[in-house]
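Student: Quick check, what structure comes out for this input:
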Amino acid sequence: MEFIKKYWITFSGIVLGIAGAFLYWLFIGCESGTCAIKSNWLYMSLWGATMGGLLGNVVKDFIKPHKKSV
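Tutor: Below you'll find the predicted structure:
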């Protein structure tokens, strides 16, 4: 439970990344099918999860800075 409390911003970024990437694939996507990532909903969702997780980590570091050790 403490793990989820510690990384809830990152998990939120992952969920929002998956949802955003899936919606992008659904409404815009790649109609020709030649795009490596955009042509498959699963690859697009995994890409969105990765980018959302990374962005969530960046946001977490801005909101809760690390303690400086002496």
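Student: Quick test: name the residue nearest the centre of the protein.
Tutor: The C-alpha lying nearest the average C-alpha coordinate of the chain belongs to residue 52 (Cα atoms, centre = their mean; 1.7 Å).
Student: ok, for that one, nearest residue in space, not its chain neighbours?
Tutor: residue 17 (2.0 Å; Cβ to Cβ, 6 or more residues apart in numbering). Every C-beta, even on glycine, is put in place using the N, C-alpha and C of the backbone.
Student: Just the pLDDT for that neighbour.
Tutor: pLDDT for residue 17: 96.
Student: Do I have it right that it meets residue 46?
Tutor: No: the pair residue 17 / residue 46 is not scored as a contact, 9.5 Å apart, by Cβ atoms under 8 Å.
Student: Which strands or helices does the longest helix belonging to the chain pack on?
Tutor: Secondary structure of the chain per DSSP state H: the longest helix is helix 41-63. If you count contacts as 3 or more Cβ pairs under 8 Å, 6 or more residues apart in numbering; DSSP states H and E, helix 41-63 packs onto helix 8-27.
Student: quick one: the helix it packs on to chain centroid distance?
Tutor: 6 Å (Cα atoms, centre = their mean, to the nearest Å).
Student: by contact count, what packs against that helix?
Tutor: helix 41-63.
Student: which ones are touching the closest residue to residue 47 other than its chain neighbours?
Tutor: In space, and not counting its chain neighbours, residue 47 is closest to residue 37: 5.4 Å by Cβ to Cβ, 6+ apart. Neighbouring residues of residue 37 by Cβ atoms under 8 Å, 6 or more residues apart in numbering: 43, 44, 47.
Student: Name the SS class of residue 37, please.
Tutor: In the three-state summary, residue 37 is assigned as coil, counting by DSSP: H, G, I helix; E, B strand; the rest coil.
Student: State the mean pLDDT of the longest helix of the chain.
Tutor: Helix 41-63 comes out at a mean pLDDT of 92.
Student: between that helix and helix 8-27, how big is the angle?
Tutor: Here the directions of helix 41-63 and helix 8-27 differ by 150 degrees (axes from the mean of the first three to the mean of the last three Cα atoms, to 10 degrees).
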